[in-house]
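*Asks:* give the three-dimensional model of this entry:
(2 chains)
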Amino acid sequence: MHIEKIEYGPEKTGFWSQVAFALVILLTLVAVVITGNIFWKILSSDASTASTRSFIEEVGKLLAYLLFDLGAIIYLYVKGLLQDEYVTTLE
Amino acid sequence: MEDKITFTITRRKLTEIFMGLVALFFAGGTIASVLKYLWPATEAKGATVEIKIANADEVPTGSVKKFMFNGKASVLLHMPAGFRAFGSVCTHLGCIAYWKPDENLIFCPCHLGKFDPNTGAVLSGPPPSPLPAIDIVVKDGAVFALKWKDPNYVKTISFYAGAA
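*Replies:* This next block holds a predicted model:
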């Protein structure tokens, strides 16, 4: 999917759009938890812990989860909440 | 006359608000992390903090473990006489010295400085002073770094550009 333009049109209605909305809210909360976890780790660790390979790998994994989570939110927002005619795509 | 306040919020607006809050949270955390990096919490001069270096069985006699202490490259050595820990930033020009087991000394490759692994004293080469010793304690099967023996050590090497 390549999105060219999103116009500010009316939202979708119906059951699946409500599911998408609920998922967006849920994934947003997940993003908050992951973000908090990342920064808690960074801010609460002393330098000797924060410079270990396992620490960096752990933070890297959390960042990857966060990226995936944000990608899923954007996908659900665009495909689940916006009416199709307001999302112009180039195949 | 009926006063009625109607507050309408669309799902889209709510989503945008939530995403904005996540972005703000992320930005705040990033700023806090940068601030922590730029102004790390400093202990009072000579204060004792325990930083675990390694479990004692991870470093058998004759071996070493590199670690960071107060942001400086350091090394824990397990000599036959016991554990020793030194900052491994060479006192000559700030290169990182390392353990050379075949010669039983700590060696700086930049200008061939050699240090005694038991005391940190200069054996040969241009370094003007010994490697800075770190007070350590062994307890509960682990080795902990406490503080620099010389509380002014970090201050005195701060002029080395790029010193680890």
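
*Asks:* interface residues of chain A facing chain B?
*Replies:* A:11, A:17, A:21, A:24-25, A:28, A:31-32, A:35-36, A:38-39, A:42-43, A:46-48, A:51, A:73, A:77, A:81-82 (C-beta under 8 Å from any C-beta of the partner chain). (Each C-beta comes from the backbone N, C-alpha and C, glycine too.)

*Asks:* try 6 Å this time
*Replies:* By C-beta under 6 Å from any C-beta of the partner chain, the residues of chain A that approach chain B are A:11, A:21, A:24, A:28, A:31-32, A:35, A:39, A:42-43, A:47-48, A:51, A:77.

*Asks:* what about B:Val89, neighbour count?
*Replies:* Counted with other C-beta atoms under 10 Å in any protein chain shown, the neighbours of B:Val89 add up to 23.

*Asks:* before we move on, what about B:Asp102?
*Replies:* Neighbourhood size, B:Asp102 [other C-beta under 10 Å]: 6.

*Asks:* that one belongs to a helix, doesn't it?
*Replies:* No - going by DSSP: H, G, I helix; E, B strand; the rest coil, the assignment for B:Asp102 is coil, not a helix.

*Asks:* got the phi and psi for it?
*Replies:* Main-chain dihedrals, B:Asp102, degrees, to the nearest 10: phi -70, psi -30.

*Asks:* who are the neighbours in contact with the residue of chain A at minimum distance from chain B?
*Replies:* At 3.3 Å from chain B, A:Phe39 is the closest residue in chain A, using C-beta to the nearest C-beta. Applying C-beta atoms under 6 Å, 6 or more residues apart in numbering or on different chains to A:Phe39 gives the contacts B:Gly29.

*Asks:* recalculate using a threshold of 7 Å.
*Replies:* Going by C-beta atoms under 7 Å, 6 or more residues apart in numbering or on different chains, A:Phe39 touches B:Gly29, B:Ala32, B:Ser33.

*Asks:* of those, buried ones?
*Replies:* Buried positions within the contacts of A:Phe39, assessed by neighbour count (16 or more other C-beta atoms under 10 Å in any protein chain shown), are B:Gly29.

*Asks:* out of the contacts of A:Phe39, which touch chain A?
*Replies:* B:Gly29, B:Ala32, B:Ser33 (C-beta under 7 Å from any C-beta of the partner chain).

*Asks:* which one of those residues is nearest B:Gly20?
*Replies:* Nearest to B:Gly20, judged by C-beta to C-beta, of the ones next to chain A among the contacts of A:Phe39 is B:Gly29 at 15.0 Å.

*Asks:* wait, is that closest one part of a helix?
*Replies:* Yes - B:Gly29: assigned to a helix according to three-state DSSP.

*Asks:* that one against A:Thr35, yeah?
*Replies:* Yes - with contacts counted by C-beta atoms under 7 Å, B:Gly29 reaches A:Thr35, the gap being 6.3 Å.
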